[in-house]
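[1] Coordinates for the following, if possible.
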Amino acid sequence: MNLLPCVEIEPSSPDHTLPINSSVIWLHGLGADGHDFEPIVPELHLPEQMAVRFIFPHAPKIPVTINDGYIMPAWYDILEMDIDRKVDETQLLHSVASVQALIDREIERGIDSRNIVIAGFSQGGAVGIHAALTYPKPLAGLLALSTYFATVDSIDLHPANRQLPIQIFHGTNDPVVQEIHGQNSVKYLTAMGFKPGYEAFPMEHAVCMEEINAISEWLQAILN
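    Predicted coordinates for the structure are as follows:
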């Protein structure tokens, strides 16, 4: 499988001698690209000694049904915009395989799987949830931002990540992916035996500074 093109941000230190300890693979939302969350990295203010590599893959450009077939970056086609969000699951699973190939590459580059975080916003979060919960080696954590559990009825969980730390953030005023989707994700994951954290912020389909600070605290807690 050809690897997805990515934006990569290597950790920086004054003497450039710190080895990379961890990786965060962060998936953007519909219509965006890998540069979308790039500016957040310095805003996280992670300690230099954490030495985290950030990887922001670009989704392929495909026609999207709910946008009148317009071709745009997307992890999968969205067929109907309703509470259950009917999606092209075949395409979603193809994107999952592409993300898991990036995890494999990080392991090949010397990062322990238990130091790899999967993060995703909106559509990228739906892919991230499936990719993390089905990966055959234990990961550090799953960060789900303003997203939904698209494959809850079909996912085949892998035992390696049954204890995976999961954090979900959502906007209380989100008009695109309503907060009920985030709340339902908590319900579904809890029923599966996970213990997801959940926090909502007074924002729309976006990120805010309070959320960025909370993401930083969570990453520092699980990548210590």
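
[2] now the helices: where do they sit in the chain?
    Under the criterion DSSP state H, the chain contains helices at 40-44, 89-108, 123-133, 179-191, 209-222.

[3] Most tightly packed of those?
    Mean neighbours per residue, mean count of other Cβ atoms under 10 Å, is largest over those for helix 123-133, with a mean of 29. Every C-beta, even on glycine, is put in place using the N, C-alpha and C of the backbone.

[4] So, low pLDDT: which residues of this structure?
    For the chain, applying pLDDT under 70 flags the ranges 1, 13-17, 82-85.

[5] that older thread, in a markdown table, list the helices of the chain along with distance to Pro63.
    Converted to a markdown table, the helices of the chain look like this (distance: least, Cβ to Cβ, whole Å):
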| stretch | distance to Pro63 |
| --- | --- |
| helix 40-44 | 29 |
| helix 89-108 | 11 |
| helix 123-133 | 14 |
| helix 179-191 | 24 |
| helix 209-222 | 31 |
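
[6] For Asp33, find the nearest of those.
    Proximity to Asp33, assessed across the helices of the chain by Cβ to Cβ, is greatest for helix 123-133 (10.7 Å).

[7] Next, the angle helix 89-108 makes with the closest one.
    Orientation check (axes from the mean of the first three to the mean of the last three Cα atoms, to 10 degrees): helix 123-133 against helix 89-108 gives 60 degrees.

[8] just checking, what packs against helix 123-133?
    Contacts defined by 3 or more Cβ pairs under 8 Å, 6 or more residues apart in numbering; DSSP states H and E place helix 123-133 against strand 22-27, helix 89-108, strand 116-121, strand 141-145.

[9] out of those, nearest to Asn67?
    So among the helices and strands packed on helix 123-133, helix 89-108 is nearest, using Cβ to Cβ, at 14.7 Å.

[10] Name the surrounding residues that touch that closest one.
    Contacts to helix 89-108, defined as Cβ atoms under 8 Å, 6 or more residues apart in numbering, come from residues 1, 3-4, 6, 23, 25, 27, 53, 55, 57, 59, 62, 75-77, 113, 116, 118, 126-128, 130-131, 134-135, 137, 139, 150-151, 154.

[11] Cool, thanks, talk later.
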